[in-house]
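Chemist: next input, structure requested:
(one chain, ligands or ions: 2)
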Amino acid sequence: MDRAYVFLDRDGTLIEDVHHGHRLEDYLLFPSTIDSLGRLRQAGFRLAIVTNQSGIGRGLFGLDDYARYHGRLLDDLSAAGLEIDATYMCPHAPDTGCECRKPNPSSLLRARAELGADLGASWVVGDHVSDVQLAANAGSRGILVLTGHGEVERPKLGSTPGTVVADLAAAVRHILAVPRRG
Ligand SMILES: [Mg+2]
Ligand SMILES: [Zn+2]
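Modeler: Ligands and ions are numbered 1, 2, ... in the order given. Below you'll find the predicted structure:
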């Protein structure tokens, strides 16, 4: 069965982007995240997280730090009844040329194969141009949020097709206002 997904960037989109965040004391969920994701679920979208964590490849923190920090987010969402179907995480430094780092579409192609994601009916929401490019590379639609690094990233969008909105709540309003594909 094909499914429409919203692929969510994590840092700067769902939670505060503290540089290479991995310490629980720095963890801060954005106030609108739970309500926003709830609206998407209610509308029938499924949810996954796609995140670049080059701090691991750079040796700034370990996989166990990542697991604890990411687990805190998943716990908070789960406590609100929000399941995340999958997290696709790239641990590599940018210069390794790996296939899993956004904007390479391998994460979304995996979601199509493993979760039955209908990429043409799906969205990517994030605060970096690479999130919007990921959408374009996978045949999905992209939204740049101006939280996190969004204001700095915005001028780099160039001709990348995508929508720019203030934050996750505005991204959700946009998604729910656009006719469904597929
Ligand atoms: Mg981000
Ligand atoms: Zn990678």
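Chemist: enumerate the residues of the protein near ligand 1.
Modeler: Asp9, Asp11, Gly12, Asp127, Gly148 (Cβ under 5 Å from the ion). Every C-beta, even on glycine, is put in place using the N, C-alpha and C of the backbone.
Chemist: what's near enough to touch the closest residue in space to the third one that isn't next to it in sequence?
Modeler: What that stands for is Gly12. Spatial nearest neighbour of Gly12, chain neighbours left out: Gly148 (1.7 Å); criterion: Cβ to Cβ, 6 or more residues apart in numbering. The contact partners of Gly148, taken as Cβ atoms under 8 Å, 6 or more residues apart in numbering, are Asp11, Gly12, Thr13, Glu16, Asp17, Asp127, His128.
Chemist: farthest pair within those?
Modeler: Glu16 and His128 (15.0 Å; Cβ to Cβ).
Chemist: more neighbours: the two, which one.
Modeler: His128 (24 against 14; other Cβ atoms under 10 Å).
Chemist: parallel or antiparallel, list what pairs with the longest strand along the chain.
Modeler: Ranked by residue count under DSSP state E, the longest strand found in the chain is strand 46-52. Using DSSP bridges, the strands paired with strand 46-52 in its sheet are strand 5-8 (parallel), strand 86-90 (parallel).
Chemist: which element follows it toward the C-terminus?
Modeler: As assigned by DSSP states H and E, the chain's next helix or strand after strand 46-52 is helix 54-57.
Chemist: what residues does the protein have near ligand 2?
Modeler: Going by Cβ under 5 Å from the ion, the residues of the chain near ligand 2 are Cys90, His92, Cys98, Cys100, Arg101.
Chemist: what is the neighbour count of the fourth one?
Modeler: Cys100 has 17 neighbouring residues, counting by other Cβ under 10 Å.
Chemist: tell me the pLDDT of the closest residue to it other than its chain neighbours.
Modeler: Setting aside the residues directly before and after it, Cys100 is nearest to Cys90 in space (Cβ to Cβ, 6+ apart), at 4.2 Å. On the pLDDT scale, Cys90 is placed at 98.
Chemist: which residues does Cys90 form beta bridges with?
Modeler: Asn52.
Chemist: wait, it sits on Arg101?
Modeler: Yes. Between Cys90 and Arg101 a contact is recorded at 4.3 Å, counting by Cβ atoms under 8 Å.
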